[in-house]
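>>> Return atomic coordinates for the entry below.
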Amino acid sequence: MKDPKHAPRAANPVDVHVGTRVRLRRQVLKMSQEKLGDKLGVTFQQVQKYERGSNRVGASRLWKISEVLEVPINFFFDGLSDDFANGEFAEDDQMPIVYEFINSTDGVALAKAVSQIRSKSVRRQLLELARAMAKDSTDSDD
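Numbering: from 1, shown residues only. The predicted structure is shown next:
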């Protein structure tokens, strides 16, 4: 039987959420993990661990990250709910899909591109196009 003190722990959903928000903001600013690490006084490997949620970010470090990435502290917690913090998702909750997407290179690039579209109606048309394409993709798999 393995010693529970040495068993790898699963990442806490809040830590993953905060890390995802750090990664998203860093990439929006076109900042490398190495540069963020330099500004924080840690290695880029440590930044990777923060972004994956495998290492928790302490309060003072999160404060410094918010300064470096030029966002308020609450930015890192936007989108969290009590259920999410407990690792519970509603049956139709899309949060795991959203995090997987945001953690992909294409997801970040798409989010950046869409956020630069000023027209709300154009963004809505893009969303409808994506939904239609996804439906066509699903229909053709039958």
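>>> got a list of contacts for stretch 63-78?
17-18, 21-22, 25-26, 29, 31, 36, 39-40, 50, 57, 62 (Cβ atoms under 8 Å, 6 or more residues apart in numbering). Bear in mind the C-beta positions are built from the backbone N, C-alpha and C, glycine included.
>>> same question but for stretch 38-51, I mixed them up
18-20, 22-23, 26, 32-34, 36-37, 55, 57, 61, 64-65, 68.
>>> report the longest helix in the protein, please.
Taking DSSP state H as the criterion, the chain has its longest helix at helix 120-140.
>>> Kindly export that one (C-alpha atoms) in CSV.
The C-alpha coordinates for helix 120-140 follow below in CSV (Å, rounded to 0.1, in the frame of the first residue of the first chain):
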residue,chain,number,x,y,z
LYS,A,120,-21.0,42.6,-31.2
SER,A,121,-23.1,41.5,-34.2
VAL,A,122,-20.0,40.2,-36.1
ARG,A,123,-18.9,38.3,-32.9
ARG,A,124,-22.5,36.8,-32.8
GLN,A,125,-22.3,35.8,-36.5
LEU,A,126,-18.9,34.1,-35.8
LEU,A,127,-20.5,32.2,-32.9
GLU,A,128,-23.4,31.1,-35.1
LEU,A,129,-21.0,30.0,-37.9
ALA,A,130,-18.9,27.9,-35.4
ARG,A,131,-22.1,26.3,-34.0
ALA,A,132,-23.3,25.5,-37.6
MET,A,133,-19.9,24.0,-38.4
ALA,A,134,-19.8,21.9,-35.3
LYS,A,135,-23.3,20.6,-36.0
ASP,A,136,-22.3,19.7,-39.6
SER,A,137,-19.2,17.9,-38.2
THR,A,138,-21.4,15.9,-35.8
ASP,A,139,-24.0,15.1,-38.5
SER,A,140,-21.4,13.8,-40.9
